[in-house]
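Peer 1: pasting the structure only:
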């Protein structure tokens with residue numbers, strides 16, 4: 001009986017040691033960070049501050065002649081940096097295939113036409129897949145919030161226009177697109 005009692009005491013002691021070892025030596029603490037939220041930025045582009053010849057509206061052009069320059073500003077009213085692109089759509093008219101467009105940009109109030117963006121056939125700018133970047137080079141690699149990018153434009157009736165093109169018209173819409181700068 002003594003042996004059984006001793007065995008029982010030994011078993012209880014062993015279980016107590018194992019249970020104590022499992023709990024013993026574990027210190028712990030916990031803390032929290034509350035209030036995690038994210039908010040999205042906004043992209044918003046306004047084209048404004050047109051010059052006298054913007055939109056381009058000229059008549060009586062002859063082959064090789066350019067319209068007067070027209071000026072506009074692409075203004076980032078959003079709160080994230082953007083890159084700005086331009087293309088044309090709603091192109092209508094017999095002489096659109098013989099119309100050229102020149103786009104330039106530069107520093108507002110300085111040399112505003114210092115950088116040529118595009119100089120070629122109007123038809124090569126039709127649709128978003130043929131857009132030209134307005135930003136991406138000086139003066140701005142990107143258009144930051146509350147900044148404006150100057151865009152100067154003029155159109156030309158190409159030298160290839162002939163007598164059959166007399167009295168014809170070409171019209172189009174300019175589309176400016178702002179996209180957030182990729183991270």
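Peer 2: Structure's in. What do you need? Because the structure is predicted, anything quoted here is derived from the model rather than measured.
Peer 1: where does pLDDT dip in the protein?
Peer 2: 1-24, 137-139 (pLDDT under 70).
Peer 1: which residues in it form helices?
Peer 2: 2-23 (DSSP state H).
Peer 1: which parts of it are strands?
Peer 2: For the chain, the strands defined by DSSP state E cover 45-48, 70-76, 82-92, 99-105, 115-121, 132-133, 148-157, 171-180.
Peer 1: any idea which of these gets closest to residue 37?
Peer 2: Ranking the strands of the chain by proximity to residue 37 (Cβ to Cβ) places strand 171-180 first, at 19.6 Å. Glycine gets a C-beta too; all of them are placed from N, C-alpha and C.
Peer 1: quick one: buried residues of that closest one?
Peer 2: 172, 174-178 (16 or more other Cβ atoms under 10 Å).
Peer 1: check stretch 97-109 too.
Peer 2: 98-106.
Peer 1: now those residues as a markdown table including distance to residue 44?
Peer 2: Shown next, in a markdown table, are the buried residues of stretch 97-109 (distance: Cβ to Cβ, whole Å):
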| residue | distance to residue 44 |
| --- | --- |
| 98 | 36 |
| 99 | 31 |
| 100 | 31 |
| 101 | 26 |
| 102 | 28 |
| 103 | 22 |
| 104 | 25 |
| 105 | 20 |
| 106 | 24 |
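Peer 1: and the contacts of stretch 159-171?
Peer 2: Outside stretch 159-171, the residues that touch it by Cβ atoms under 8 Å, 6 or more residues apart in numbering are 62-64, 90-96, 98-99, 122, 157.
Peer 1: on that earlier part again, which of the buried residues of stretch 97-109 sits closest to residue 142?
Peer 2: Among the buried residues of stretch 97-109, and counting by Cβ to Cβ, the member closest to residue 142 is residue 105, at 13.4 Å.
Peer 1: for that closest one, list each beta-bridge partner.
Peer 2: Residue 105 forms beta bridges with residue 115, as assigned by DSSP bridges.
Peer 1: stretch 35-52: end-to-end distance?
Peer 2: 52 Å (Cα to Cα, to the nearest Å).
Peer 1: and for stretch 78-85?
Peer 2: The first residue of stretch 78-85 is 16 Å away from its last residue (Cα to Cα).
Peer 1: next one: stretch 160-178
Peer 2: Across stretch 160-178, first to last residue, Cα to Cα, it's 35 Å.
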